[in-house]
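A.B. asks: Would you be able to build a 3D model of this:
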Amino acid sequence: MTLLNYGSYEEYLDQFININDVRYIRNWNVSRQFIQTACGKSCMGPLLSRSEFAEQRKKLEFMWNPRGTGGSTLYGANYKGDDEVLKQFAQRELKLINKQIATIVFMITRSHKGFDISGYIDLEQSLRESNCRNSEQYVNWQAIYEGKAKLVPRPHDLSYFDWYSNKVRFNDSDNFRVVPNGAHSLLMMHRGDLKVVCVNAGCCCSESRNAIRNVYRSSIYGDCMFFDHIIRRIH
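C.D. replies: Okay, the predicted model is just below:
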């Protein structure tokens, strides 16, 4: 997880606060002050000051940009095709970058070996990884929009299921923590506002209301389910 995931210094501090601490102190601002003053670097490890946070985040922004080609900052900005799933990716990209939403995509596809695989993908992280060609998690989104590549679930995604071997993997992403739960199959907790999202398509629990669900059909990707979580700002 990088500093680009935090829209403010307060959001950065919130990652060091346990939800039980907030329940005890009952005030986010006081909790943040406690982290900065009472604990500091002695118990929080490399806790950055406000100025250090701003400086390091600015350096990261410089490293990640520019994105795309031809001066465009969005990979899908110039997409003119008619594939519904690709259009949905493009429509969400700016909101994902601005941390207005966090989107999980569930898809089933066929591997190069001819067997079905499925998974839940953190869309914002996948888009961002297109900026780092040397990363093992690199995704070529420019090629995806050009029709030269295809987005597929991979073992490092939030969830990855190989139907042939009957093996499943779960991984935390930059935006979500995986919360296995037998009654719900799988829950995802957003790292920023700590809201829990149920990604069981047939569930009507309270957590299912923390994301807007939509299914889109595509000739390239088949049926894909989008879980759009509107990020709440914690003050």
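
A.B. asks: Name all residues that make contact with the residue nearest to S130 when sequence neighbours are not counted.
C.D. replies: Once flanking residues are discounted, S130 sits nearest to W141: 4.1 Å by C-beta to C-beta, 6 or more residues apart in numbering. Just so you know, the C-beta spots here come from the backbone N, C-alpha and C atoms, and that holds for glycine as well. Contact partners of W141, counting by C-beta atoms under 8 Å, 6 or more residues apart in numbering, are 75-76, 126-127, 130.

A.B. asks: Relative to S165, which of the residues you listed is nearest.
C.D. replies: Nearest to S165 among the contacts of W141 is S126, at 23.4 Å by C-beta to C-beta.

A.B. asks: ok but the closest one is inside a helix, no?
C.D. replies: Yes. Applying DSSP: H, G, I helix; E, B strand; the rest coil, one finds S126 inside a helix.

A.B. asks: State the distance from it to N166.
C.D. replies: 25 Å (C-beta to C-beta, to the nearest Å).

A.B. asks: what's the answer for K87, then?
C.D. replies: Distance of K87 to N166, computed by C-beta to C-beta: 34 Å.

A.B. asks: So which of those two has more stuff around it?
C.D. replies: It is K87, of K87 and N166, that has more neighbours when counted by other C-beta atoms under 10 Å, with 16 against 7.

A.B. asks: so the more buried one is in which element?
C.D. replies: Taking DSSP states H and E as the definition, one finds K87 inside helix 84-97.

A.B. asks: Could you list the residues in contact with that helix?
C.D. replies: With contacts defined as C-beta under 8 Å, 6+ apart, helix 84-97 is touched by 74-77, 79, 81, 101-103, 123-124, 127, 144-145, 151, 214, 216-218, 220-221, 224, 226, 228.

A.B. asks: Restricted to buried residues, select the residues you listed in ChimeraX.
C.D. replies: Buried members of the contacts of helix 84-97, defined by 16 or more other C-beta atoms under 10 Å, are picked up in ChimeraX with:
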select :74,75,76,79,101,102,103,123,124,127,144,145,151,216,218,221,224,226,228
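
A.B. asks: Just the contacts of helix 84-97: which are in helices?
C.D. replies: Residues of those located in helices (DSSP state H): 123-124, 127, 144-145.

A.B. asks: hmm, back to that, okay, buried residues for the helix holding K87 please.
C.D. replies: For helix 84-97, the buried set under the neighbour-count rule, 16+ other C-beta under 10 Å, comprises 85-90, 92-93, 95-96.

A.B. asks: One more: stretch 145-161?
C.D. replies: So, applying 16+ other C-beta under 10 Å, buried residues of stretch 145-161: 145, 151-154, 157-161.

A.B. asks: can you pull the alpha-carbon coordinates of that stretch into PDB?
C.D. replies: Presented in PDB, the C-alpha positions along stretch 145-161 are these (Å, rounded to 0.1, in the frame of the first residue of the first chain):
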ATOM      1  CA  TYR A 145      -8.400  -0.800 -24.200                       C
ATOM      2  CA  GLU A 146      -6.800  -1.300 -27.600                       C
ATOM      3  CA  GLY A 147      -8.100  -4.900 -27.700                       C
ATOM      4  CA  LYS A 148      -4.500  -6.300 -27.600                       C
ATOM      5  CA  ALA A 149      -4.800  -7.800 -24.100                       C
ATOM      6  CA  LYS A 150      -7.500  -8.900 -21.700                       C
ATOM      7  CA  LEU A 151      -8.000  -8.300 -18.000                       C
ATOM      8  CA  VAL A 152      -8.100 -11.700 -16.200                       C
ATOM      9  CA  PRO A 153      -8.100 -12.700 -12.500                       C
ATOM     10  CA  ARG A 154      -4.700 -13.500 -11.200                       C
ATOM     11  CA  PRO A 155      -3.400 -15.300  -8.100                       C
ATOM     12  CA  HIS A 156      -2.500 -12.000  -6.400                       C
ATOM     13  CA  ASP A 157      -6.000 -10.500  -6.700                       C
ATOM     14  CA  LEU A 158      -8.500 -10.200  -3.800                       C
ATOM     15  CA  SER A 159      -9.800 -13.700  -4.700                       C
ATOM     16  CA  TYR A 160      -8.600 -16.200  -7.200                       C
ATOM     17  CA  PHE A 161     -10.300 -19.500  -7.900                       C
END
